[in-house]
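Colleague: need a structure here:
(one chain, ligands or ions: 2)
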Amino acid sequence: MVELQKQFFFEGYVQIHMEPNSDYEKLCSLRKSNYLTEEKVKAHRDWIQVYDSTYDFSYDSVLDNDILLRILHSQQIPQFINELVGGEMLLGDLVYRKTFKSTSYMDWHRDTYLDKNGNLVGRTPPLVKMAYYPVNNGISTVQLKIIPRTHNRFIGNYYLDKIQTLLPTKLSINSSDDSLVIFNSAIYHSAGSDAGSMGAERIIYNFCSPGQIQTFEKRKELNERYIAFAK
Ligand SMILES: O=C(O)CCC(=O)C(=O)O
Ligand SMILES: [Fe+2]
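Modeller: Residues are numbered from 1 along each chain as shown. Ligands and ions are numbered 1, 2, ... in the order given. Below is the predicted model of the structure:
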């Protein structure tokens, strides 16, 4: 664990293995039942367009499909996240997303940063994001790019900071059925651009400190369910 803690602190991300078990199979079933073309997703009441050619599973659907939460428990994620970060973390939000866009639907950014006027944007401390990018179409493709260490490297000027996205030290995370990536959301990151005709999926878990949970007031039910089973 010490090595992982060091990597998370210094590099800003870690990758872990997903254990195949019965909950994992249930998650696969949910994914299969949502294996749809963009046309079908667009017309489906469970899916809501959030960006260009990009759709999120509705909050009601997330609550109705508790496997999305239970999988955390059966992979022992709550304990793992707390140990990794060195304090209690809560689940602020959960996003099950499909993108059909052929270019990145969300290019280089930090979720927490100083804007062009030097004002703080986003949550502090930055959220800890855990993302699952399963394989679609049987082909593993780049789903996330990150620039390691940039979560700790702030110049304080929006433009000078952004120059870091030209660094050659980018890391590509490919879709994989059995791995998870956990990263500090102040790191420079961008969504991949290889969606394929059946879209590219991601399940993103946003973890926050207990003091930040009230900033997710629309996700109260989800927050409480996480607390109830993470005990
Ligand atoms: O979809 C992704 O891979 C990244 C999403 C992201 O950067 C975000 O939600 O802030
Ligand atoms: Fe982001």
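Colleague: what residues does the chain put near ligand 1?
Modeller: For the chain, the residues in contact with ligand 1 (CB under 6 Å from any ligand atom) are 106, 111, 131, 143-144, 189, 191, 202, 204. In short, each C-beta sits where N, CA and C put it, glycine included.
Colleague: of all these, which two lie farthest apart?
Modeller: 111 and 143 (16.8 Å; CB to CB).
Colleague: more neighbours: the two, which one.
Modeller: Shown here are residue 111 and residue 143; by other CB atoms under 10 Å, residue 143 has more neighbours (26 against 17).
Colleague: which residue ranges form the helices in the protein?
Modeller: 2-10, 22-33, 38-43, 59-64, 67-74, 77-85, 158-162, 220-230 (DSSP state H).
Colleague: report the buried residues of the shortest one.
Modeller: Translated: helix 158-162. residue 161 (16 or more other CB atoms under 10 Å).
Colleague: find the nearest non-adjacent residue to residue 153, please.
Modeller: Excluding its sequence neighbours, the residue lying closest to residue 153 (CB to CB, 6 or more residues apart in numbering) is residue 164, at 6.7 Å.
Colleague: my guess is the one you found meets residue 188, correct?
Modeller: Yes - the pair residue 164 and residue 188 passes the contact test of CB atoms under 8 Å, sitting 6.0 Å apart.
Colleague: mutual contacts of these two, please.
Modeller: 147, 150 (CB atoms under 8 Å, 6 or more residues apart in numbering).
Colleague: spatially nearest residue to residue 137 (excluding sequence neighbours)?
Modeller: Computed as CB to CB, 6+ apart, the closest residue to residue 137 that is not its neighbour in sequence is residue 196, at 5.1 Å.
Colleague: that neighbour: neighbour count?
Modeller: Using other CB under 10 Å: residue 196 sits among 13 other residues.
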